[in-house]
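>>> Below is the sequence, then the predicted model.
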Amino acid sequence: MASNHDKREPGITRRDFLLKAAATGGLAAAAGGWGYVFYSKEPVRRSDAKIFTFRDYRTEISAVYPQLAVVHGRNAEKMVFAAIEKIGGISRFIKPGEKVLIKPNAAWDRQPEQAANTNPAVVAAVIKLCLEARAAEVWVTDVSVNDPYRCFVRSGIEDAVKRAGGSIRIATENDFVDTDFKGESLGIWPVSRFYHQADKLINLPVVKHHSLSKCTMAMKNLYGSLGGQRNRLHQDINTSIADLASAIRPTFTLMDATRVLRRNGPTGGNLSDVTIEDTVVAAVDIVAVESYGLRFLDLKIEDIPFIPMAEKRGTGISDWRSLNVAELNV
Amino acid sequence: MIGKFLTLRNIRRIYAVFFLLLFVLLLWITSFRRLKGYDTRLFLEIDPLAAAASFLTSWTVYKGLILSLVIIIGTLFLGRFFCSWICPMGIVNQIAGTVFNKLRAVDAIQLNAYRTFYRLKYYLLAAFVALAALGSLQTGLLDPISFITRSFTISVFPALNHIRGGIYFKQPLFHGGTLLGLIFLGVIFANRFLPRFWCRALCPLGALLGILSFRPLLRIWRDVDRCTDCKKCLGNCHGGCDPHAALRVTECHLCMNCIEDCPEDAIHYGLPDTASSAHMPLDISRRRLIECALVGAVSFPVMRSTITSQTSPRYNVIRPPGAVAEDDFLRRCLKCGECMKVCPTNAIQPALLDAGFEGIWTPILINSIGYCEYNCVLCGRVCPTGAITSLTVEKKLGKPAKQQPVKIGTAFYDRGRCLPWAMHIDCIVCEEVCPTSPKAIWFETVAMQMRDGSTKMLKRPYIDAKLCVGCGICENKCPIRDRAAVRVTSIGETRSKMNQMILKP
């Protein structure tokens, strides 16, 4: 018997040879195939991510209803209900089963009285209406400047949304998709994907002072859809606001002027910067809302270059007096 | 059936799992959304080493640290139960040691026997205590609770979030996080070679508890008449305390495994009886102990005679709001990382050598990563030792009028990089985000002649140093991403008398 140290390789049969040759050939073919499939002239693989465009969230135009509703009062919920009723009622805008995205201003870690964010009662009232119109889902979103958790909690919006039956959707780093704005300043820019998932978009701005653009209202509120390094847009703020408003066409805009931040905007922080105006303004035409809001900040259309810019592009009508306006107290 | 399951060993396992989960849970809820009113720093507060060392450096037992008396008194009576029943670091090491080693009984017996280098932890403790007595709190480097809190905050949780998400809103990034992660992995991996290496050889808290348990009332006892010297009791021993011979009671973790493993029922926990074996006293060399204490004592003047944040203000050592003056800060900061866990913007970062060797892993704000949220005071709420005092929002902002807000630094413009100053481009994002009212950043509108001869109205920003609180949001949001055109340095910080520039703030 052979010793342990005398192990010899056994001879190979024809069958074994063929099997082994086939296996080796298979490996060689796989290596060749790998080279063929992945051969590239570029050092980096080209991204094939889809580039989105915004849908038009508006519903068909109707001449029956007033184009701009201005409601004064003390009770935010009643004011919101009345304003939306005037411009056609929620059923004109929201069909049963639709997904609705609501965009308030929730950019700052501030409390409601400081008027840096949209009044939570206004947000809650709009959610209630959407749910009455049997919207499938109502999402509330913003890309906040301060820590988003703190912004939503301390602005009172999170609590209001939960009570009203909506849900908060905060965009995380992975929630942004490249979207083409086709604007002069704004080209392809990351936008939170909820904008492309929703059927309807309701714009819920608050009226505030802003040092660079002079005011931040309905049109600038749309900044909150953007991710990326949006602070660069300050370098051409008027054009970029006009670009935003012509690319994103909300179903309607309801502007919160219950409290107005008149100074030290857009952050505020001091109650002496705030005046109580007890007004909400609703319209489909974002430019009309924007122009109406100027009165709260003692501004004129000539002071605000992006309003005529937007009007020239056909985004809306700045002379709101020429529209069918309904003004009422509740 | 249940009675059979409830052996001492299984009861200990239930406690261990409970406390490990509690530790992870408390650290997980250390964030703005989940904090509510919970005392998330509980494990640091019951840590006798944190209490003892911070007592030596500051002559105070700060708030919750008084809870450490529960462990101190318990150890005097019961022995070193903390290590295998409560300590998350001990439990994690035990689990790692069990997972990494699949041993034959004979190897396990060899690995679990006492070794003389287990004395090292007492010598490390001597060095740390000598340093603390002189006024430098360095126990946090190896204090197991600080160590595991820091490791989880800075590397484990962020890494888990990177894999699965869901822990944080935004992936946290930490200065030198990889280093801390590798140290933690190294400690865990050491169990591959020697189970509980950290606990047996390095842990200064284990050493302190060992000293406290030099003569506990209740102990593990071996009946010499029944014992057949089979050494099976060593097979699963946690502490490496020689239960088969004269027990080293200062090393015993009360894991109770020897009781369960003894085939002769010769081992029990409680009071001794007539057949009980004698115990070994604490095994340390007095000479080595004094040597190590001297090393600690000598390193103190060495550390204090170099340039550190304590000897002269450092521009980049921006401490969280509410931090006490630097000298007192270094006397209290455990480097545990609780403040880094709770900071909503990820601004609070572990220093490397920015604050000097003494200040390694103490919290500093790095505004390129985050900024101090104006209305947030969470870091002071979770600090276990009062290095960051707990402020109210009103106190921080100086709200009852005429009060001064808490300043952590001052912002300065780098006009060579600032778009309106250097390139005549509109910007003032800094002014937009400045949170004070009135804003600390203001601007003048000037007519600038452009290269093509046209005129442009431009807003050029300035800082009002009297209003600036040093929060750093301007630096964080500046579009010059790599090195912002407005940057905060520590000058003007409320906590320092020395680090001031303006005569009448």
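Right, received. Where do you want to start?
>>> From now on I want contacts and neighbour counts done on CA atoms only, so please keep to that.
Will do.
>>> how many neighbours does the residue nearest to B:Asp327 when sequence neighbours are not counted have?
Once flanking residues are discounted, B:Asp327 sits nearest to B:Gln310: 5.6 Å by Cα to Cα, 6 or more residues apart in numbering or on different chains. B:Gln310 is surrounded by 19 other residues when neighbours are defined as other Cα atoms under 10 Å in any protein chain shown.
>>> got it, and A:Pro112?
For A:Pro112, which is what you asked about, the neighbour count (other Cα under 10 Å) is 17.
>>> and it, what is it in contact with?
For A:Pro112, the contacting residues are A:Thr118, A:Asn119, A:Pro120, A:Arg154, A:Ser155, A:Gly156, taking Cα atoms under 8 Å, 6 or more residues apart in numbering or on different chains as the criterion.
>>> 7 Å - rerun?
A:Asn119, A:Ser155, A:Gly156 (Cα atoms under 7 Å, 6 or more residues apart in numbering or on different chains).
>>> any idea which of those has the most stuff around it?
Highest neighbour count within those: A:Asn119, with 29 neighbours (other Cα under 10 Å).
>>> What pLDDT does the model give that residue?
Model confidence at A:Asn119, expressed as pLDDT, equals 96.
>>> what about the closest residue to B:Val317 other than its chain neighbours, distance to chain A?
Nearest residue to B:Val317, sequence neighbours excluded (Cα to Cα, 6+ apart): B:Ile364, at 5.7 Å. Applying Cα to the nearest Cα, to the nearest Å, the value for B:Ile364 to chain A is 19 Å.
>>> isn't there a helix covering B:Ile364?
No - the secondary structure assignment for B:Ile364 gives strand rather than a helix, going by DSSP: H, G, I helix; E, B strand; the rest coil.
>>> related to what we said a few turns ago, dump the contacts of A:Pro112 into CSV; add distance to A:Glu311 and secondary structure as well.
Compiled in CSV, these are given as follows (distance: Cα to Cα, whole Å; DSSP: H, G, I helix; E, B strand; the rest coil):
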residue, distance to A:Glu311, secondary structure
A:Asn119, 28, coil
A:Ser155, 33, coil
A:Gly156, 34, coil
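>>> Over in the stretch 1-150 of chain B, which residue gets nearest chain A? Let me know.
Evaluated by Cα to the nearest Cα, the stretch 1-150 of chain B has B:Arg33 as its residue closest to chain A, separated by 7.0 Å.
>>> May I ask which helix or strand encompasses that residue?
Using DSSP states H and E, B:Arg33 falls within no helix or strand.
>>> Repeat that for the one 10 residues further on.
B:Phe43 belongs to helix B:42-45 when elements are defined using DSSP H and E.
>>> what does whichever helix or strand comes after that helix rub up against?
Next in sequence after helix B:42-45, counting helices and strands by DSSP H and E, comes helix B:48-58. Judged by Cα under 7 Å, 6+ apart, the contacts made with helix B:48-58 from elsewhere in the structure are B:61, B:65, B:68, B:71-72, B:129, B:132-133, B:135-137, B:205, B:208, B:331-332.
>>> Can you give me the buried ones in the helix or strand that comes right after helix B:48-58?
Per DSSP H and E, the first helix or strand lying C-terminal to helix B:48-58 is helix B:68-78. Buried residues in helix B:68-78, defined by neighbour count with 16 or more other Cα atoms under 10 Å in any protein chain shown: B:Ser68, B:Ile71, B:Ile72, B:Gly74, B:Thr75, B:Leu76, B:Phe77, B:Leu78.
>>> Helix B:68-78: what's the following helix or strand?
Sequence-wise, the next helix or strand beyond helix B:68-78 is helix B:82-85, with elements assigned using DSSP H and E.
>>> still on that earlier bit, ok, of the contacts of helix B:48-58, which one's closest to A:Asn75?
Distance to A:Asn75, by Cα to Cα, is smallest for B:Leu65 among these, at 50.0 Å.
>>> Neighbours of that closest one, how many?
25.
>>> B:Val106 now?
Residues lying near B:Val106 (other Cα under 10 Å) number 12.
>>> what is the rounded mean pLDDT of the helix or strand hosting B:Ile109?
Assignment of secondary structure by DSSP H and E places B:Ile109 within helix B:105-111. For helix B:105-111, mean pLDDT rounds to 88.
>>> Give the buried residues for it.
The neighbour-count criterion (16+ other Cα under 10 Å) identifies B:Ala108, B:Ile109, B:Leu111 as the buried residues of helix B:105-111.
>>> Repeat that for stretch B:265-282.
Counting neighbours by 16+ other Cα under 10 Å, the buried set in stretch B:265-282 is B:Ala266, B:Ile267, B:His268, B:Pro272, B:Ser276, B:Ser277, B:His279, B:Leu282.
>>> Pull up the distance across that stretch, start to finish.
With Cα to Cα, to the nearest Å applied, stretch B:265-282 spans 26 Å between its terminal residues.
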